[in-house]
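Q: A structural model of the following input is requested.
(chains A, B, C and D)
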Amino acid sequence: MTALRAFFSMGGYAAYVWPAFATAAVVLSVLLLASRRRWRANAAALASLQAARPGRRGTRATPGGGATPVAASLAGDTAPAVHRDA
Amino acid sequence: MHRFANPARFLRITDAVLPWSAALTIVLLALGLYYGLWASPVDYQQGATVRIMYIHVPAAWMGMMIYSLMAIASAVALIWRHPLADLIAKAAAPIGASFTFICLVSGSLWGAPTWGTWWVWDARLTSVLILFFLYLGYIAIWQAFDDPTRAARAAAIVALVGFVNIPIIKFSVDWWNTLHQGESLFTGHGSEIDPTMLRPLILMALAFTAYFITVLIYRVRAEIIARKLRVLRLSAIEG
Amino acid sequence: MPQTGFAGESLSCLRGERLVFREVSFHLEPGGALLLEGPNGSGKSSLLRLCAGLLKPAEGRLVYKGRDIAQDPEAHRARLAYVGHLDAVKAVFTVAENLAFWAALVPGGAGRAQAALERFELDHLAEVPGRFLSAGQRRRLALARILVQPADLWLLDEPTNSLDRAACEALTAAIATHRSGGGLVVAATHVDLGLGTVPVLRLGSPAPAPAVAPEVS
Amino acid sequence: MSAFSALIARDVRLAFRQGSAATLSVMFFFLAVMLFPLGVGPEAAILARIASGVLWVAALLSVLLSLDRLFQADYEDGSLELLALSGLPLELTVLAKCLAHWLTAGLPLIIAAPVLALLLDLPAKGLAALLLAMALGTPSLSLIGAIGAALTVSLRRGGVLLSLLVLPLYIPVLIFGVAAVEAAIAGLPSISHLLILAAIALAALVLCPLAAAAALRLSLE
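A: Model prediction:
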């Protein structure tokens, strides 16, 4: 037990070492969770938005999948070369 | 920026990378903490507070590395108008700001026992503090514009201007510090760091990098989907 | 590719993430005029800003005398005069001072200032500070500014805003002399500018096909 | 060059015609400096010790306050887009406006500085270095500030964001400006600090118009 207590006392500097690690842990985990939640929320919103409007959007058969020719060509800036993947 | 750029390739790549980076983060973090907190010697002078170095130094490295990455991504976005570069820079900023904040807090905690106060205008800490405000400026400019494409280009300019100024600010703050104060606590640990201390430092730095990649993937995906949502909602109005 | 005059080839315009218009083309011969019509927000101003070079087309290009204007923006700027919604009149400067500044930006502009003022009946207001001018007088000052510039291409965005009948006639006359000298005019307006039968480019109708978002792959 | 000088003349005349614009930054400079004795206490010893820092911080803030005058008015009344369409390249337009801004905001501070140096008991040896350092430093403040002004010109309440963007970039000018004065007071040569200030000014002269013009094109779309 004493080894454990010695470990946590950090040679008397516990009041400095642990808060440093604690802030790092808190900040990094909050950032991780917030980022993941934001991704999940957006993905859900997108799914529901597309589910709610399949009639208008889904039927448009687009050759070769992906965006329609016009939309795809908008991806190019100067020369209207179609580059599908960013 | 292209409304219809198809980020399929990016999504495919990150699908593969995500599980690996997440697993790597956990493993490296565990190893780093084990070696950092347990299996490494105590400093003869500072005692156990030297362990804070394993958070403080990697966080400083990450803060500067991420800002450089943002500057490169911004340059790519401005010059080649690559539609994803903006999103990567925007997604990276909060992560960089968090690391810089961690670096400041851990720096203050590390110095407190020997300085007797919570903050000393040490050259390194002051530069990191200024870097923190560069991050805040970058994040603020994104939110200032209501049109995302304008915000993207304005933020790219801010990132590049900031990046050009970082060495000048670093030089002037270091120079200012030697003028007013001479020696500072941190110079000690730079050179004669023995290998047993170096190992946790590197492990923690790698752990932070893996963490950065993981969170960056989440945030960039959220941005891509957010853009699609905007496009869908806009076309709903036009349609 | 047309070698003379000013042409737009399958232009598409993105304002932020909104598709304003796409596949718009036009061709103007020297001395020609083009009217832009369409509901608000249909992109009339955006097309004019594209022609001026303030805005880059998302797709397609603008060609002047056979050369893409993006290749030499400075030369393009030198050959155009643009009148937007705002009049750019400084309240603390008099009418003459306002015009003199814009004249100083172009070679030989000063010489044409007096004639420009007379053309739009502003000569008697020369010493009146900008803040005392009515909206119509400010608009006439903005129009007088384009007479000072040696421009082949006039880009007019709702030029007749707040103009009285006499000023409209003065504008029509000015456009006529400009076109007779081989000048080109692109104007967004819903008021008859007395240009006679002139090609009209209708924007915003039928509504461009709604933007299609790619399926989430 | 006539277009370039015509634009400078117009902006300077505009600043003086609007009356308060030019004197505003000097009045703020005075007020900001006057606050310090009231706050820190009137003892000459303390004031002399912090005088160069106070003068430089106050000068920096008064330039910062007058930055929105650079593009805001022209953006709102449509002159800016006409200037962007004029024969003068946008980078030169930005340079002309920065020069005019320096003439109406930076220069008056240099003229007012000796009086304020007296108020703060700045040692006489430091005065020459102060004026020289401000002459070399304030142009950089206008040029660097132009980038922030250009970025926030289309924003309704861009003022706070402007200072958040610009102040970190002012730090090198502040550090070497004060160092030049402190060195002179200590009897040391301050030439190296002045040279660094000059280097910053030259770099700003070249790079800032590019960045500011890019930012302006963005908001003129």
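
Q: which parts of the chain are helices?
A: In the absence of a named chain, this looks at chain A. In chain A, the segments counted as helices under DSSP state H are A:2-9, A:14-52, A:54-58, A:69-73.

Q: I was thinking of chain D, sorry if that wasn't clear
A: Under DSSP H, chain D gives helices at D:2-17, D:20-40, D:44-65, D:72-77, D:79-85, D:90-101, D:107-119, D:124-151, D:159-185, D:191-219.

Q: mind listing residues that contact the shortest one?
A: The reference is to helix D:72-77. By CB atoms under 8 Å, 6 or more residues apart in numbering or on different chains, the residues outside helix D:72-77 that reach it are C:86-90, D:14, D:79-80, D:83, D:149, D:153-154, D:219. (Each C-beta comes from the backbone N, C-alpha and C, glycine too.)

Q: so which bits of it are buried?
A: Within helix D:72-77, the residues scored as buried using 16 or more other CB atoms under 10 Å in any protein chain shown are D:Gln72, D:Ala73, D:Asp74, D:Tyr75, D:Asp77.

Q: tabulate the residues you listed (JSON lines), appending distance to B:Ala210.
A: Below are the buried residues of helix D:72-77 laid out as JSON lines (distance: CB to CB, whole Å):
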{"residue": "D:Gln72", "distance to B:Ala210": "46"}
{"residue": "D:Ala73", "distance to B:Ala210": "51"}
{"residue": "D:Asp74", "distance to B:Ala210": "49"}
{"residue": "D:Tyr75", "distance to B:Ala210": "45"}
{"residue": "D:Asp77", "distance to B:Ala210": "53"}
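
Q: tell me which of the residues you listed is nearest to B:Leu234?
A: Closest approach to B:Leu234 among the buried residues of helix D:72-77 (CB to CB): D:Tyr75, at 26.2 Å.

Q: per-residue confidence at that closest one?
A: Model confidence at D:Tyr75, given as pLDDT, is 94.

Q: any idea how far D:Val153 is from it?
A: 5 Å (CB to CB, to the nearest Å).

Q: overlap in contacts of those two?
A: D:Ser219.

Q: nearest to B:Ile72, of the helices of chain A?
A: helix A:14-52 (21.2 Å).

Q: what secondary structure does B:Ser40 sit in?
A: Three-state assignment for B:Ser40 (DSSP: H, G, I helix; E, B strand; the rest coil): coil.

Q: and it, how far is that from B:Leu203?
A: On the measure of CB to CB, B:Ser40 and B:Leu203 end up 10 Å apart.

Q: can you verify my assumption that C:Leu34 contacts C:Val186?
A: Yes: using CB atoms under 8 Å, C:Leu34 makes contact with C:Val186 at a distance of 4.9 Å.

Q: which of these two has more neighbours?
A: C:Val186 (26 against 21; other CB atoms under 10 Å in any protein chain shown).

Q: for the more buried one, give me its contacts.
A: C:Phe6, C:Leu28, C:Ala33, C:Leu34, C:Leu36, C:Leu47, C:Leu48, C:Cys51, C:Leu153, C:Trp154, C:Leu155, C:Leu156.

Q: assumed it was part of a strand.
A: Yes: with three-state DSSP as the criterion, C:Val186 is part of a strand.

Q: related to what we said a few turns ago, overlap in contacts of C:Leu34 and C:Val186?
A: C:Leu28.

Q: quick one: is stretch B:29-38 near chain A?
A: Yes: Stretch B:29-38 lies within reach of chain A by CB under 8 Å from any CB of the partner chain, at B:Leu33, B:Leu37, B:Trp38.

Q: check stretch B:199-217 too.
A: Yes: interface with chain A: stretch B:199-217 contributes B:Tyr211, B:Thr214, B:Val215 (CB under 8 Å from any CB).

Q: any residues of chain B in contact with chain D? List them.
A: Contact residues, chain B versus chain D (CB under 8 Å from any CB): B:78, B:130, B:133-134, B:136-137, B:140-141, B:144-145, B:150, B:153-154, B:157-158, B:160-162, B:164-165, B:168-169, B:171-173, B:175-176, B:179.
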